[in-house]
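Asker: Sequence unavailable; structure follows:
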């Protein structure tokens, strides 16, 4: 070790990233195993997607990448910022002829842009599910039930779940009589 100290950093790592050591890794693995079991019991199949995506595919979705690099052909690649776009790509390209609903789960590292010197993580382990093609309110109830089941399985207690609906804002404006031309974008 450098300077004879165990705590000294010889080779720094990128800001917002960290090493996960054995004790914490065991705890993390136990939590992800419980989440995986809850997802699979509800009929969600686990998928894995590349950490790298073409920037041109993410740009229309408004994704702001934390890291960009070039491949051997000069294409701009980015590390995924979340799993929504990769899962949508998998559904569209690999399951286009499959009758919905589609149920996927995932455990993947994501990479987010952060402001400098804020101590925020850039690299996150994201676990989640995607229910594609299920109508509300049944699909919403299924996703919320699975969320609570997964949080219980992870050992969390006393949590609160917030639920939003993009249709509420226009409905509220209708209710108070704001004309569509005067609304702007929410």
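Answerer: Arrived safely, thanks for sending. No experiment lies behind these values; they were computed from the predicted model shown. Residues are numbered from 1 along each chain as shown.
Asker: where does the protein have low pLDDT?
Answerer: Across the chain, the ranges flagged by pLDDT under 70 are 1-9, 60-61, 185-186.
Asker: on contacts alone, who are the packing partners of the lengthiest helix in it?
Answerer: Secondary structure of the chain per DSSP state H: the longest helix is helix 22-41. When contacts are defined as 3 or more Cβ pairs under 8 Å, 6 or more residues apart in numbering; DSSP states H and E, helix 22-41 packs onto strand 45-46, strand 102-111, strand 123-132, helix 138-153. (Glycine included, C-beta is placed from N, CA and C.)
Asker: okay, the ones you listed in CSV with mean neighbour count next?
Answerer: Converted to CSV, the helices and strands packed on helix 22-41 look like this (neighbours: other Cβ atoms under 10 Å):
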stretch, mean neighbour count
strand 45-46, 12
strand 102-111, 19
strand 123-132, 17
helix 138-153, 15
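Asker: Ok, which of those comes nearest residue 180?
Answerer: In terms of Cβ to Cβ, the element of these nearest to residue 180 is helix 138-153, at 26.5 Å.
Asker: Arrange the helices and strands packed on helix 22-41 in CSV, one row each, with distance to residue 12 as further columns.
Answerer: Converted to CSV, these look like this (distance: least, Cβ to Cβ, whole Å):
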stretch, distance to residue 12
strand 45-46, 34
strand 102-111, 17
strand 123-132, 15
helix 138-153, 35
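Asker: for those, which one sits closest to residue 94?
Answerer: Closest of the helices and strands packed on helix 22-41 to residue 94 is strand 102-111, at 9.9 Å (criterion: Cβ to Cβ).
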